[in-house]
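>>> need a 3D model of the following:
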Amino acid sequence: GDIFHELMLKTPHDFNKITPEKLYNCHLHEGSYGTNGSVIEWEYFLDGKVQRSKQILQDIDEEKRHVGFQMIEGDLFELYKDVFITTDVETKDGVDFITWTIEYELLKPDNPHPLSLINYFIDFTKDVEAH
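Residues are numbered from 1 along each chain as shown. This is a model prediction of the structure:
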């Protein structure tokens, strides 16, 4: 759990070495990794194609192992708006749990909910755990 949180917060660019079939690249645009207000751009494989997302780091709480990402640009804006993604690491009885939360609003009522993104995060977390 601590390693996952450390990677997510301070060295997310290392994820592409751990799970290159899911994460293509990670670039820092403003600020520094691990700092509220920093801007990170992710390039990842979802639904068979490379997609892009630019996000601002928010609500960082190192003690609680919580990181928030407010999306400001990207392919997901074709279907959703106000996308906010968080990761939380909790330890219970010596077992680490990673929780992903996706807060979003559909642009149109008939747009699909982000089930492929949820599955992506599940598989991504399994890859990191296996590494």
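>>> can we go C-alpha only for contacts and neighbour counts from here?
Fine.
>>> host element of the most centrally placed residue in the chain?
The centroid of the chain falls nearest to residue 85 when counting by C-alpha atoms, centre = their mean (6.3 Å). Assigned by DSSP states H and E, residue 85 belongs to strand 80-92.
>>> check contacts around the residue nearest to the centre of the chain.
Counting by C-alpha atoms under 8 Å, 6 or more residues apart in numbering, residue 85 touches 68-71, 100-103.
>>> picking that back up, which neighbours does the strand holding residue 85 have in its sheet, and in what orientation?
Strand pairing for strand 80-92, using DSSP bridges, gives strand 66-74 (antiparallel), strand 95-106 (antiparallel).
>>> what residues of the first one count as buried?
Residues of strand 66-74 classed as buried: 66-72 (neighbour count, 16 or more other C-alpha atoms under 10 Å).
>>> cool, and stretch 120-131?
120-121, 124-125, 127.
>>> identify, from these, the entry nearest to residue 50.
Nearest to residue 50 among those is residue 120, at 12.9 Å by C-alpha to C-alpha.
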